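> 3D model of this:
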Amino acid sequence: MTRYIFTLFFTALCLFQSVVAQPVQTTTPKVTSITRILFIFDASYSMTGMWGERSKMDVARSVLIPFIDSISKIPNTELALRIYGNRSPVPPQDCSDTHLEVPFGNNNITEIIKKITTVQPRGTTPIAHSLELGAQDFPRDSTARNIVFLITDGIEACDGDPCAISRELQKKGAILRPFIIGVGSDIDFNKVFDCAGDVFTAYSHDEFLPILNTAMQKALITTPLQVYLLDIYKKPKETDVPMTFFDAESGIARYHFVHSVIRSAEPDILFLDPLVRYKIKVHTMPPVYSDEVNLEAGKHTIVKIDAPQGYLHIERPTGFSHNIESIVRKANDMHTLTTQRSGETVKYLIGEYDLEVLTLPRTYFYGVRIKPDETTTISIPQPGRVSFSRTQQGFGAIYINRNNTDYEFVTNLEISPKGKEVFTLQPGNYVLIWRAKNENDTEKSIHTYFEITSGKSVFVNLP
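Numbers count the residues shown, from 1 in each chain. Next comes the predicted model:
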């Protein structure tokens, strides 16, 4: 017992230091969030069986009570206790015999210890139902880490499927992947429960405490990870890009970071929850993604993602007093990636892009090539002006002849005259088609051709 207590003290001290040390890591998850640990404890009749010289229940009590007491001293941690098989003796079998004996809260450790001390094994083993109800034991808190420790000496004795229930709860984001602690050597717990969570088996009573220590360290200690954003030469030199880490099971966003490099070609180290399988979205333009990332507690992981980039600069043309928006799309793809203002320099993945510049009329650039670590500059032609002068109301519109075979709509004229009507247009050949409002004879419509050149003005008089 002295060795047990020393080991517990050392484990709690290590866990305490790992949690307290986290605030100095500017890239770590929010350390003010709470880790909630629900212990689901087996009090079925089989726990009366012998494990060495004592019953499984007596061994479990002697180890769990000081262990849980030490865990309760870790900052930002709350505990709760659910027990199954302790209220309805077998026979008959009562598959609803699972209860939250001590809910989450501060200062509840005395009540948890008292309940473990006095509980008597009586009933059956409804593991799936206990997991399902256990997920509801956690308070509604999207920032908390909800962890389940299931301690059992047997397998599902009712009609439930622990694996299906666990997968569904993880998919919903209700809990993280559970820890399942198998007690005794009669069952291959890995074979039975690997699909439901992380399985640890204590084959002898001497292994029970070390197994609990190992599982709890994995639950509470964050794991280092680096994201290598690779350039065209497969070097991790791309950086300064936002990233989102999603739970691959539930799709919930777990973390948001802006990638950084702390020294030449050495990305910053992140410290993440190892209980989550991740998908990483790097918000390049367009975005790139990682494959599923599985972390091993305490093991340094490097994720490599191809993200070679270059720059696009759009010059603001002379004659414009304001910035012009451009719609940017991947080449031959009508999906809009972003809009970029003239005068800006924006980073894109290498490749070809189509630009639709919101001039009047629209100006198009196709197959604009972005090269690695280079800046591609697009120059918008300087516009000209056309002024229309008329004394009466009428209907009319301006059209551009882009290819000498068709006329493309540009803009309408106002119906009511307001002195001069001035338009800033891109260089090109245009036609105005117009008819006075009080003229019912269609053949009395007029049209006039005019050409716009950069920096020049054209004047058109209408009736």
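
> from now on I want contacts and neighbour counts done on CA atoms only, so please keep to that.
Fine.

> where do the helices of the stretch 101-250 of the chain begin and end?
109-118, 127-134, 162-171, 189-193, 205-220 (DSSP state H, counting those that start in this stretch).

> next, the buried residues of the third one.
By that I understand helix 162-171. 162, 163, 165, 166, 167, 168, 169, 170, 171 (16 or more other CA atoms under 10 Å).

> likewise the last one?
Taking 16+ other CA under 10 Å as the basis for neighbour counts, the residues of helix 205-220 that come out buried are 205, 208-213, 215-220.

> can you name every helix or strand that that helix contacts?
helix 2-21, helix 56-71, strand 179-183, strand 198-202 (3 or more CA pairs under 8 Å, 6 or more residues apart in numbering; DSSP states H and E).

> following the longest one, which helix or strand shows up next?
If I follow you right, that is helix 2-21. strand 35-42 (DSSP states H and E).

> so which elements touch that following strand?
Strand 35-42 packs on strand 77-84, helix 127-134, strand 145-152, going by 3+ CA pairs under 8 Å, 6+ apart.

> any chance of those in JSON lines, plus mean neighbour count and mean pLDDT?
Converted to JSON lines, those look like this (neighbours: other CA atoms under 10 Å; pLDDT from 0 to 100):
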{"stretch": "strand 77-84", "mean neighbour count": "24", "mean pLDDT": "96"}
{"stretch": "helix 127-134", "mean neighbour count": "22", "mean pLDDT": "96"}
{"stretch": "strand 145-152", "mean neighbour count": "23", "mean pLDDT": "94"}
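
> could you dump those into TSV with distance to residue 352 added?
TSV is the format used below for the helices and strands packed on strand 35-42 (distance: least, CA to CA, whole Å):
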stretch	distance to residue 352
strand 77-84	51
helix 127-134	51
strand 145-152	43
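
> the ones you listed: which one's closest to residue 358?
strand 145-152 (47.6 Å; CA to CA).

> thinking again about what came up before, and of the helices of the stretch 101-250 of the chain, who's closest to residue 359?
helix 162-171 (47.5 Å).

> who are the packing partners of the closest one?
Partner elements for helix 162-171 (3+ CA pairs under 8 Å, 6+ apart): helix 127-134.

> show me where pLDDT drops low in the stretch 101-250 of the chain?
Applying pLDDT under 70 to the stretch 101-250 of the chain flags no residue at all.

> the same query, at a cut-off of 90, please.
Residue ranges of the stretch 101-250 of the chain with pLDDT under 90: 106-107, 141-144, 171-177, 184-187, 204-205, 217-222, 249-250.

> same question, the stretch 301-450 of the chain
Using pLDDT under 90, the flagged stretches of the stretch 301-450 of the chain are 316-323, 390-392, 402-406, 415-420, 440.

> strands of that one, start to end?
301-306, 309-315, 325-330, 336-341, 345-349, 351-357, 363-370, 375-379, 384-389, 394-401, 408-412, 420-425, 428-436, 446-452 (DSSP state E, counting those that start in this stretch).

> just send the ones you listed back as CSV, with mean neighbour count and distance to residue 242 too.
Formatted as CSV, the strands of the stretch 301-450 of the chain follow (neighbours: other CA atoms under 10 Å; distance: least, CA to CA, whole Å):
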stretch, mean neighbour count, distance to residue 242
strand 301-306, 17, 14
strand 309-315, 20, 14
strand 325-330, 20, 20
strand 336-341, 16, 16
strand 345-349, 18, 13
strand 351-357, 19, 20
strand 363-370, 16, 20
strand 375-379, 14, 21
strand 384-389, 18, 41
strand 394-401, 18, 42
strand 408-412, 15, 39
strand 420-425, 17, 38
strand 428-436, 19, 42
strand 446-452, 15, 44
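
> select, out of those, the one closest to residue 108.
Of all those, strand 301-306 comes closest under CA to CA, at 37.2 Å.

> counting contacts, what elements does the closest one pack onto?
strand 223-230, strand 288-289.

> deepest of the ones you listed, which one?
With neighbours defined by mean count of other CA atoms under 10 Å, none of those is more surrounded on average than strand 223-230, at a mean of 21.

> and the angle for that strand with strand 309-315?
60 degrees (axes from the mean of the first three to the mean of the last three CA atoms, to 10 degrees).

> in its sheet, what does strand 223-230 sit against?
Paired with strand 223-230 in the same sheet, following DSSP bridges, are strand 270-272 (antiparallel), strand 301-306 (parallel).

> averaged pLDDT, the shortest one. What do you get?
By that I understand strand 270-272. Taken as a whole, strand 270-272 has an average pLDDT of 92.

> quick check: next helix or strand after it?
strand 278-282.

> keeping just the C-alphas, turn that next one into PDB.
What follows is strand 278-282, C-alpha atoms only, in PDB (Å, rounded to 0.1, in the frame of the first residue of the first chain):
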ATOM      1  CA  TYR A 278      -8.300  15.400 -36.300                       C
ATOM      2  CA  LYS A 279      -8.900  16.700 -39.800                       C
ATOM      3  CA  ILE A 280      -7.000  19.900 -40.500                       C
ATOM      4  CA  LYS A 281      -8.200  22.600 -42.800                       C
ATOM      5  CA  VAL A 282      -5.600  25.100 -43.800                       C
END
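
> okay, now the domains of this structure?
Domain assignment for the chain by automatic domain parsing gives 2-220, 223-306, 309-379, 384-461.

> and the shortest one, how far apart are its ends?
Think domain 309-379. Using CA to CA, to the nearest Å, one end of domain 309-379 lies 21 Å from the other.

> which one of the buried residues of helix 162-171 is nearest residue 103?
residue 169 (19.2 Å).

> out of everything not next to it in sequence, what's closest to the closest one?
In space, and not counting its chain neighbours, residue 169 is closest to residue 175: 6.1 Å by CA to CA, 6 or more residues apart in numbering.
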